[in-house]
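S.K.: Please work out how this folds:
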Amino acid sequence: MTFLSSRQNPKIKQIRALNSRKQRDAQGLFVVEGIRHTGEAVESGTKIEFLLYAPDLLTSDYAYSLITQAELTNVPVYSAPPDVFSYVAGKENPQGILAVVHHNLKPISYLTQENLKFGVVILAPQDPGNLGTILRTLDSAGADGMIVLEHGTDIFHPTAVRASMGTLFWKPIVYTSFAEFSAWQRVQNYHIYGSSAHGDADYDKVDFQTPALLMLGSEREGLSKEHLALCETVLRMPMRGRATSLNLSVAAGILLYEMGKKIG
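M.R.: Modelled structure (predicted):
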């Protein structure tokens with residue numbers, strides 16, 4: 001096992017560089033940090049480039065079992081002193097383990113009614129925390145995957161990775177254009193339920209049908225007429241106070257649980 005004692009080590013520089021989306025896209029890699037997140041990466045079988053840990057910080061027997069498991073599958077493992085590990089860590093008081101992991105995005109052609117009975121489509125989301133939270137929530141609500149349209153924020157952004165709580169290793173995630181999604185939908189024939197303040201149906205009164213997709217607009221723009229035209233039903237959520245809208249991930253959670261309750 002190699003000990004990385006310097007901040008100038010190429011592996012340390014590589015981890016730092018992966019804070020940039022440009023570098024994540026170019027290398028096809030991203031960083032997951034912490035015991036739980038690293039555990040989800042290892043246990044899911046996702047391809048891991050290497051692990052880094054700090055023996056002086058890491059006290060978890062489970063984490064050490066992950067290191068052993070990685071070594072048995074020929075994943076390179078490096079160690080570092082606390083100051084070097086903290087230099088690449090994304091949060092204060094790091095737990096002492098992280099993994100550099102390969103992207104695991106799927107093409108739109110991967111998704112069918114067999115593996116995506118119930119899913120979420122999001123148009124150009126801007127906030128990585130929202131995106132990761134929605135992925136975690138759809139898993140909890142019994143949905144099967146996520147489609148992100150027109151690029152939007154990066155699911156491999158450190159904030160999105162943390163917010164997903166490891167679900168990004170278990171649920172298929174697709175990035176595609178609206179045109180490609182529309183062409184795929186014409187073949188797959190999903191029931192698409194949009195969400196808008198000007199929707200024509202109260203969300204808790206709808207009898208949802210499968211296979212189903214919940215379509216959400218971006219935080220700022222919502223769904224355009226073109227997107228709404230693809231929806232068979234547009235859901236509205238009553239605003240009973242002074243606020244005129246909900247945070248995107250909160251709205252998604254309410255709608256996903258309502259759909260999951262009726263679909264499941």
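
S.K.: Could you use CA atoms for every contact and neighbour count after this?
M.R.: OK.

S.K.: Can you give me the distance of Lys262 to Val101?
M.R.: 36 Å (CA to CA, to the nearest Å).

S.K.: what residues does stretch 112-128 touch?
M.R.: Outside of stretch 112-128, the residues within contact range by CA atoms under 8 Å, 6 or more residues apart in numbering are 131, 138, 142-155, 157, 159-160, 188, 210-219, 222-223.

S.K.: Give the rounded mean pLDDT of it.
M.R.: Averaging pLDDT along stretch 112-128 gives 96.

S.K.: same question, stretch 195-204
M.R.: pLDDT averaged over stretch 195-204 gives 89.

S.K.: now swap in stretch 154-164 and tell me
M.R.: 96.

S.K.: mind checking how far it is from the chain centre?
M.R.: 6 Å (CA atoms, centre = their mean, to the nearest Å).

S.K.: For that stretch, give me every contacting residue.
M.R.: Contact partners of stretch 154-164, identified using CA under 8 Å, 6+ apart, comprise 19, 21, 24, 30-32, 37, 90, 103, 128-136, 168.

S.K.: Count the residues that sit near Phe169.
M.R.: 21 (other CA atoms under 10 Å).

S.K.: residues contacting it?
M.R.: Phe169 neighbours (CA under 8 Å, 6+ apart): 40-41, 44, 46, 104.

S.K.: Where does the prediction get shaky in the chain?
M.R.: Scanning the chain for pLDDT under 70 picks out 244, 264.

S.K.: at 80 instead, please
M.R.: 1, 219, 243-245, 264 (pLDDT under 80).

S.K.: Can you show me the helices along it?
M.R.: For the chain, the helices defined by DSSP state H occupy 10-17, 21-27, 35-44, 61-72, 82-88, 128-140, 158-164, 178-188, 225-228, 248-263.

S.K.: and of those, who's closest to Leu235?
M.R.: helix 248-263 (8.8 Å; CA to CA).

S.K.: Okay, Ile173 and Asp144: tell me how far apart.
M.R.: 10 Å.

S.K.: Please identify every residue contacting each of the two.
M.R.: Contact with both Ile173 and Asp144 is made by no residue, according to CA under 8 Å, 6+ apart.

S.K.: rewinding a little: who has more neighbours, Lys262 and Val101?
M.R.: Val101 (21 against 13).
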